[in-house]
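1. only geometry, no sequence info:
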């Protein structure tokens, strides 16, 4: 469902596709990911799809990830963000 029968707003939608990992505990506007009038979201960094880096490669900070590259840490939840207790994808303030 996208909206109620009483009006266009508020938009209500639950992402159920396999490639959507959740909203990282945030409440984001649809246009943050849907940049065109399409349900298909273009990968910002297509070389890394379908992993986290497909959208977040630009957030990578080389100085904080010594001896690692975006490619080696492309699945953030399974690689670089698993070890630390305050640096996990599941943290409320992650995104």
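-> Received, thanks. Nothing here was measured: the structure is a model prediction, and the numbers come from that model.
2. is it fair to say residue 42 lies in a helix?
-> No. Counting by DSSP: H, G, I helix; E, B strand; the rest coil, residue 42 is not part of a helix but coil.
3. contacts only, for it.
-> Shown in contact with residue 42 (Cβ atoms under 8 Å, 6 or more residues apart in numbering): 35-36. From N, CA and C alone the C-beta is placed, and that goes for glycine too.
4. the chain should start at 58 in everything you say after this.
-> In the new numbering, first residue 58, that becomes residue 99.
5. where does the protein dip in pLDDT?
-> Applying pLDDT under 70 to the chain flags the ranges 58-62, 64-85, 121-122, 132-152.
6. mind doing that once more with 50?
-> Judged by pLDDT under 50, the chain has its weakly predicted residues at 58, 75, 135-137, 152.
7. what's the end-to-end length of stretch 105-117?
-> With Cα to Cα, to the nearest Å applied, stretch 105-117 spans 13 Å between its terminal residues.
8. isn't residue 110 up against residue 129?
-> No. Counting by Cβ atoms under 8 Å, residue 110 does not reach residue 129; the two are 10.0 Å apart.
9. these two: who's more crowded?
-> residue 110 (24 against 12; other Cβ atoms under 10 Å).
10. skip the chain neighbours and tell me the closest residue to the more buried one.
-> residue 131 (3.9 Å; Cβ to Cβ, 6 or more residues apart in numbering).
11. before we move on, what about residue 117?
-> residue 127 is the one closest to residue 117 (Cβ to Cβ, 6+ apart), at 4.7 Å.
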